[in-house]
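**Q** have a look at this fold, sequence not included:
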């Protein structure tokens, strides 16, 4: 049992096969399936880093944002401001300790 793209049942039926499915009944359930799907897509990207797998992760993220009423443009804006103020993750810096707290 896994979350699939909206048109997958129709695609399966057009191929001459049958399938059973259900639609999520709550935001909580939907978000739980999206979380599982994101982990699945991330694992696939790690095995085969390519545009297709990155696109799948983006599609899951966009669905999560829509479900929570968050604008992707706003997310991009916040990300850009954080990058300007704090940098990105491009250099692979791993913090091990912070003294004086």
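**A** Cool, the structure landed. Small disclaimer: the values here were computed from a predicted structure and weren't measured.
**Q** any low-confidence regions in the chain?
**A** 101 (pLDDT under 70).
**Q** please enumerate the helices of it.
**A** 8-14, 27-47, 51-68, 72-86 (DSSP state H).
**Q** same for the second one, what does it pack against?
**A** For helix 27-47, the helices and strands in contact under the criterion 3 or more Cβ pairs under 8 Å, 6 or more residues apart in numbering; DSSP states H and E are helix 51-68. Backbone N, C-alpha and C define where each C-beta goes, glycine included.
**Q** run the angle between the helix it packs on and helix 27-47 for me.
**A** Relative orientation of helix 51-68 and helix 27-47, computed by axes from the mean of the first three to the mean of the last three Cα atoms, to 10 degrees: 160 degrees.
**Q** residues in contact with helix 51-68?
**A** With Cβ atoms under 8 Å, 6 or more residues apart in numbering as the test, helix 51-68 has contacts from 5, 27, 30-31, 34, 37-38, 41-42, 44-45, 71-72, 75.
**Q** what comes up buried for it?
**A** 53, 56, 57, 60, 63, 64 (16 or more other Cβ atoms under 10 Å).
**Q** just stretch 17-35 next, same as before
**A** Applying 16+ other Cβ under 10 Å to stretch 17-35 flags 30, 33, 34 as buried.
**Q** name the nearest residue to the first one, ignoring sequence neighbours.
**A** Looking back up the chat, that one is residue 30. The spatially closest residue to residue 30, leaving aside those adjacent along the chain, is residue 24, at 4.2 Å (Cβ to Cβ, 6 or more residues apart in numbering).
**Q** same question, residue 19
**A** Nearest non-adjacent residue to residue 19 (Cβ to Cβ, 6+ apart): residue 12, at 4.6 Å.
**Q** what is the burial count for the one you found?
**A** Other residues lying near residue 12 total 14 when counted by other Cβ atoms under 10 Å.
**Q** separation between it and residue 20?
**A** 10 Å (Cβ to Cβ, to the nearest Å).
**Q** how about residue 30?
**A** 19 Å.
**Q** kindly report the same for residue 84.
**A** Per Cβ to Cβ, residue 84 is found 49 Å from residue 20.
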